[in-house]
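**Student:** 3D, please:
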Amino acid sequence: MRIRFAGRTDIGKQRDHNEDAILVMEGYRTMVVADGLGGHSSGHIASSLCVSTLADFFSVTVDADATWPFPYNEALTEEENYLQTGLRLANRRIFDRSLLAMNDFGMGTTCVGAMFTRSARRVSIAHVGDSRAYRLRAGKLDQLTRDHSLVSDALHAAPWMTTEEVSRMPSNVITRALGIREDVLVDLYNEPTQVGDVYILCSDGLTGVVGDAEITSVIAAGEDLKDVANELVDRANAYGGPDNITVSVAKIDSHGPEGVPRARPSDAGLEPTDPGEDDSG
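**Tutor:** The predicted model follows:
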């Protein structure tokens, strides 16, 4: 199996600058979406630091002698280790930067990332905040992440809450983000993939105005992933584009290179040109 990627970020119709950031690293089978917190200082700096830190971390750890900033967790898959460590490192860099100038104090960003195995038979997803990951499989769209927001946390703790009770709560309060504290808890998710699966990462500039049914129809109707990403952003803008909009998509195709065994990152680093596989982790 193989993976195709595409993505787009857009300022939207009502913001004067883009606080979102996107990163697609096909060689590492990885995509990332970050959404700087608009209610905090320097949100665009935080999201840019997030994706640049992840890009640097992935490229540096190709070196077999590279030192990881946090211990390798044997209970996690290789891909989960990369995502979790990368996000924790990004969190630390954003937090440290926020202490250097009053204008940057309190800045933060949400982030969601997906990394596939070399065989494309499994995917790991990591996220902090309310940027989301979805999977479209056999015509059904499923949200794979749970928002770290006041409303989501309340519903998770008290699912019996009524619609009226939920409506009284502020909908834009984020309870977890990169850069707010010295360390951060990263949520992880791992699953096997199937041929035809489409994985979507996005900021709330998309999901705040485009519903699941419309997202599903756009993805199902498009074979070219660039067209899919562009159409999703255009739909959000057609509804007024009240926020920055960022979308990254990946599709699992049936044909791809046969795999050979791979080494774990602490032994040989992440090798983007090696088509090998080992999905037992």
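**Student:** Which pLDDT value does the model give the nearest residue to G129 once chain neighbours are set aside?
**Tutor:** In this structure, G129 finds its nearest non-sequential neighbour in T110, 2.5 Å apart by CB to CB, 6 or more residues apart in numbering. For glycine as for every other residue, the C-beta is placed from the backbone atoms N, C-alpha and C. In the predicted model, T110 carries a pLDDT score of 93.
**Student:** ok, T110 touching A177?
**Tutor:** Yes - with contact defined as CB atoms under 8 Å, T110 counts as touching A177 (5.6 Å).
**Student:** Please identify which of these two sits among more neighbours.
**Tutor:** A direct count of neighbours by other CB atoms under 10 Å for T110 and A177 places T110 higher, at 29 against 26.
**Student:** Can you mark which positions in the host helix or strand of E79 are buried?
**Tutor:** If you go by DSSP states H and E, E79 is part of helix 78-98. For helix 78-98, a neighbour-count test (16 or more other CB atoms under 10 Å) marks 78-95, 97-98 as buried.
**Student:** hey, where'd the strands end up in the stretch 101-250 of the chain?
**Tutor:** 109-116, 122-128, 132-137, 140-143, 187-192, 198-202, 245-253 (DSSP state E, counting those that start in this stretch).
**Student:** which one of the ones you listed has the most crowded surroundings?
**Tutor:** strand 109-116 (a mean of 29; mean count of other CB atoms under 10 Å).
**Student:** shaky segments in the chain?
**Tutor:** Across the chain, the ranges flagged by pLDDT under 70 are 38-41, 62-66, 102, 104, 148-174, 256-281.
**Student:** again, only using 80
**Tutor:** Scanning the chain for pLDDT under 80 picks out 38-41, 62-67, 101-106, 148-174, 255-281.
**Student:** can you pull the contacts of the residue nearest the centre of it?
**Tutor:** The centroid of the chain falls nearest to V112 when counting by CA atoms, centre = their mean (2.1 Å). Counting by CB atoms under 8 Å, 6 or more residues apart in numbering, V112 makes contact with V32, V33, I125, A126, H127, V128, G129, S131, R132, A133, T145, L201.
**Student:** try E80
**Tutor:** Listed by CB under 8 Å, 6+ apart, the contact set of E80 reads N73, S124, A126, L188, N190.
**Student:** which one of those residues sits closest to I219?
**Tutor:** S124 (21.2 Å; CB to CB).
**Student:** And the closest residue to T85 other than its chain neighbours, how close does it get to G205?
**Tutor:** Nearest non-adjacent residue to T85, counting by CB to CB, 6+ apart: F70, 5.1 Å away. In this view, F70 and G205 are 31 Å apart by CB to CB, to the nearest Å.
**Student:** V51 now?
**Tutor:** Plainly put, V51 is 16 Å away from G205 if you go by CB to CB.
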